[in-house]
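Enquirer: kindly generate the corresponding structure for this input.
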Amino acid sequence: MTHPHLTDEPKPPHSPALHLALRFSSTRRGACLARRLAVQQFTEWTGLPHSSDPARTVALVTAELAANAIRHGSLPGRDFRLALLLVPYLFRIEVTDTRPERLPEPTPRASHSLDAPSGRGLLLVESYAERWGWESRDAYTKTVWGEVALPSSSGLP
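Expert: All right, here's what the predicted structure looks like:
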């Protein structure tokens, strides 16, 4: 039996994607390890050096998303999940936490005092990432993501 809704629409062109997902403890150490892994995986997949601007952006976006998951999205004893996805022209960082009811503001506010110890994380993500957003895939988690554009000279398709 064929399904017309599956066969009538043209399929998108196949593009190779690399994907990795791991869980980390909702601690400062977990956030640090997630950041290091994201940069290491980025440089391995793209061939760009750790010192490149895109690798630094991956480090910053991952650090901020992981810190927010730990500070605002964790429940005692629950880990956060880091997922990395490389598709042509784009590296996507996803951090999934266990507090779907605590949603990030659609547009971070720049009204935080420069002396405040926190409150600028998503503003940094918005400034450095190509795009960012969030989604709730089930009743128990929320995923906040950021995308880093790859330079056209990276040699990737």
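Enquirer: doesn't Glu130 make contact with Ala149?
Expert: Yes. Counting by Cβ atoms under 8 Å, Ala149 touches Glu130, with 4.4 Å between them. C-beta: built from backbone N, CA, C; applies to glycine.
Enquirer: overlap in contacts of these two?
Expert: Here Ala149 and Glu130 share the contacting residues Leu90, scored by Cβ atoms under 8 Å, 6 or more residues apart in numbering.
Enquirer: tally of neighbours for Leu48?
Expert: Look at Leu48: counted by other Cβ atoms under 10 Å, it has 21 neighbours.
Enquirer: could you list every residue that touches the closest residue to Glu64 other than its chain neighbours?
Expert: Residue nearest to Glu64 in three dimensions, not counting chain neighbours: Gly121, with 4.2 Å by Cβ to Cβ, 6 or more residues apart in numbering. Neighbouring residues of Gly121 by Cβ under 8 Å, 6+ apart: Glu64, Leu65, Ala67, Asn68, Pro108.
Enquirer: so which of these belong to helices?
Expert: With helices taken from DSSP state H, the overlap with those comprises Glu64, Leu65, Ala67, Asn68.
Enquirer: now neighbour count too, for those residues, in TSV please.
Expert: Listed next are these as TSV, based on neighbours: other Cβ atoms under 10 Å:
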residue	neighbour count
Glu64	26
Leu65	33
Ala67	18
Asn68	22
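Enquirer: now for those residues, which pair is the farthest apart?
Expert: The span of the ones in helices among the contacts of Gly121, defined through Cβ to Cβ, is set by Leu65 and Ala67 at 7.4 Å.
Enquirer: turn the contacts of Gly121 into CSV, columns for distance to Leu86 and pLDDT.
Expert: Shown next, in CSV, are the contacts of Gly121 (distance: Cβ to Cβ, whole Å; pLDDT from 0 to 100):
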residue, distance to Leu86, pLDDT
Glu64, 20, 94
Leu65, 17, 94
Ala67, 23, 91
Asn68, 23, 89
Pro108, 26, 58
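Enquirer: and which of those residues is nearest to Asp97?
Expert: Nearest member of the contacts of Gly121 to Asp97, counting by Cβ to Cβ, is Asn68, at 7.9 Å.
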